[in-house]
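# Take this sequence and fold it.
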Amino acid sequence: MAARAYAAGARARQMREDAVDELRQALYLIADEMRGMATVGRTFAGNIYEVERAHRIMGLAARIAALAEGRPEAELLEQFTAEPWHRVSPAIGAEAAVFNERGELLLVQRRDNAHWCIPGGLAEIGRSPAESALLELWEEAGLRGRTARLLGVFDGRRWGSRAKVHMLHFVFLVECDDLTPAPGVEALDAAFFARDRLPEPLQSGHAQRIPKVFELLGAPEAYYDPARADELELTEHQRGGAGEPPAQMLPGARHHGPIVGLDHVQLAMPPGGEEQARAFYGGLLGMAEIPKPEPLAARGGCWFEAHGVQLHLGVEEPFVPARKAHPALRVADLERLRAALQSAGVALTPDEAVPGVRRFYITDPFGNRIECIQDGDGFSQTRR
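From the prediction side, this is the model:
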């Protein structure tokens, strides 16, 4: 009798715990959706009343999250406000590719800059990418549709997107019974276009993706940007076996102590040199400019990133170029970069001092020394 009573009590406790966990998860999702709504509302607020409403929604989100976590509401509100996007993953863009019976693609003309694009936008928290694509299609072109299949997932960095965040674009093939578009408040116009009669100007990224979308209409599988492990920078710090110390602590390893990696390299530049820096590091070297934190933006300069490596240029006055100390940039195809730099009139200084290490030196527009080294030959990649 006592055993049965104990077992019944244990089952009841487990059911209560499961119910609490489900409630907590539901509260997390509600708080996250409200936090996203408050962030967007505050960012695009048109008047003080909308700002106030966004702050109130953020406060309610913090209160709900505090109930779920058992933490002080003020602590959650500070976290939500200090890190408004609260994301470590790329932003998701959802787009609806609608074709008519002639194989023409629906495009909308944006109201903010008059550029043409595939209907789409940021996927909202609380909706799947497919649902978000249908919502954007309705808001921008007035069409009700259904997703037929995924055409492709495009990495915005590789497809010309110009955004302050890393974007992944999910493009869905959407079928509609009524193909008569009616532009919404965000669009000036909406119409179908053939592949060889696309309008101008096209929105950044769409000029590259639209021809591929036409191609994918007849493809049997969805597209994605291919990747290879031998082209990635695979870290070793999580590869230690069970019960073994991290690789940097093994006998004979070179790495030890509290330093776990290099965050960024800083170079100096003279005042007013931002456009030259963008032309050199962004245009010639192909690095992506990333926004400086707001407290640092007023100081001038600019930051760049490529494959997890950040290079910061800060204004220094009086300016003195670094002619000896320098960063070494690993390059996927050194010879291709050499040809591009020489074609642009950039002087190169070869260096064959270390056998088997392919590298050369250049100087940026300000006289700073830059080393370019073939990926795989880097001194951090080989044990010499």
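
# All the strands of the stretch 51-200 of the chain, residue numbers only.
Counting by DSSP state E, counting those that start in this stretch, the stretch 51-200 of the chain has strands at residues 91-97, 105-110, 116-117, 120-122, 145-155, 167-176, 187-193.

# for the stretch 201-350 of the chain, same thing?
So, for the stretch 201-350 of the chain - with DSSP E, counting those that start in this stretch - the strands run 223-224, 264-269, 288-290, 302-306, 309-315, 328-331, 349-350.

# Contacts for stretch 188-208 next, please.
For stretch 188-208, contacts defined as C-beta atoms under 8 Å, 6 or more residues apart in numbering pick out 99-100, 102-111, 113-119, 140-142, 154, 156, 159-162, 169, 179, 181-183, 210-211, 214. C-beta coordinates here come from the backbone N, C-alpha and C atoms, glycine included.

# out of those, which are inside helices?
Taking DSSP state H, the ones among those that sit in helices are 140-141, 210-211, 214.

# Present the strands of the stretch 51-200 of the chain as CSV; the columns should include mean pLDDT.
Formatted as CSV, the strands of the stretch 51-200 of the chain follow (pLDDT from 0 to 100):
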stretch, mean pLDDT
strand 91-97, 95
strand 105-110, 97
strand 116-117, 97
strand 120-122, 94
strand 145-155, 96
strand 167-176, 96
strand 187-193, 97
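
# Return the set of buried residues in stretch 32-45.
Going by neighbour count (16 or more other C-beta atoms under 10 Å), the buried part of stretch 32-45 is 32-42.

# Please compute how far stretch 303-323 lies from its chain's middle.
Centre-to-centre, stretch 303-323 and its host chain are 22 Å apart (C-alpha atoms, centre = their mean, to the nearest Å).

# Next, the buried residues of that stretch.
For stretch 303-323, burial by neighbour count (16+ other C-beta under 10 Å) applies to 303-306, 309, 311-313, 315-316, 321-322.

# Stretch 352-366 too?
Neighbour-count burial for stretch 352-366, counted by 16+ other C-beta under 10 Å, picks out 357-366.

# Name the surrounding residues that touch that stretch.
267-270, 273, 276-277, 279-281, 319, 321, 326, 328, 334, 338, 341, 346-351, 369-374, 377, 379, 384.

# sorry, back to before: want to throw the strands of the stretch 201-350 of the chain into CSV with mean pLDDT and distance to residue 127?
Converted to CSV, the strands of the stretch 201-350 of the chain look like this (pLDDT from 0 to 100; distance: least, C-beta to C-beta, whole Å):
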stretch, mean pLDDT, distance to residue 127
strand 223-224, 95, 22
strand 264-269, 95, 36
strand 288-290, 93, 28
strand 302-306, 93, 30
strand 309-315, 94, 33
strand 328-331, 93, 40
strand 349-350, 94, 54
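
# Could you dump the ones you listed into JSON lines and include distance to residue 77?
Formatted as JSON lines, the strands of the stretch 201-350 of the chain follow (distance: least, C-beta to C-beta, whole Å):
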{"stretch": "strand 223-224", "distance to residue 77": "39"}
{"stretch": "strand 264-269", "distance to residue 77": "31"}
{"stretch": "strand 288-290", "distance to residue 77": "28"}
{"stretch": "strand 302-306", "distance to residue 77": "29"}
{"stretch": "strand 309-315", "distance to residue 77": "30"}
{"stretch": "strand 328-331", "distance to residue 77": "42"}
{"stretch": "strand 349-350", "distance to residue 77": "55"}
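
# picking up where we left off before, PyMOL command for the buried members of the contacts of stretch 188-208?
Restricted to buried positions by 16+ other C-beta under 10 Å, the PyMOL selection for the contacts of stretch 188-208 reads:
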select buried, resi 99+104+105+106+107+108+109+115+116+117+118+119+140+141+142+154+156+159+161+169+179+181+183+210+214
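
# What is the nearest of the buried residues of stretch 303-323 to residue 297?
Of all the buried residues of stretch 303-323, residue 303 has the smallest distance to residue 297: 10.0 Å, by C-beta to C-beta.

# Touching, that closest one and residue 309? I think so.
No: using C-beta atoms under 8 Å, residue 303 is not in contact with residue 309; the gap is 11.3 Å.

# shared neighbours of those two, anything?
Joint contacts of residue 303 and residue 309 (C-beta under 8 Å, 6+ apart) are residue 264.

# count of neighbours near the nearest residue to residue 330 once chain neighbours are set aside?
Of all residues beyond its chain neighbours, the one nearest residue 330 is residue 375 (4.4 Å), with distances taken as C-beta to C-beta, 6 or more residues apart in numbering. Number of residues near residue 375 (other C-beta atoms under 10 Å) recorded here: 16.

# what's the spacing between residue 375 and residue 265?
From residue 375 over to residue 265 the distance is 17 Å, taken as C-beta to C-beta, to the nearest Å.

# now residue 228
Noted for residue 228: a distance of 26 Å to residue 265, by C-beta to C-beta.

# Of these two, which one has the most company?
Per other C-beta under 10 Å, whichever of residue 228 and residue 265 has more neighbours is residue 265, with 15 against 6.

# Show me the beta-bridge partners of that one.
Beta-bridge partners for residue 265, by DSSP bridges, are residue 311.

# Kindly report the same for residue 370.
Here residue 370, judged by DSSP bridges, has bridge partners residue 362.

# the helices in the stretch 1-150 of the chain, which residues?
Using DSSP state H, counting those that start in this stretch, the helices found in the stretch 1-150 of the chain span residues 2-43, 48-69, 73-82, 129-141.

# got CSV for these, with distance to residue 288 and mean pLDDT too?
Below are those laid out as CSV (distance: least, C-beta to C-beta, whole Å; pLDDT from 0 to 100):
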stretch, distance to residue 288, mean pLDDT
helix 2-43, 22, 78
helix 48-69, 30, 87
helix 73-82, 25, 80
helix 129-141, 24, 96
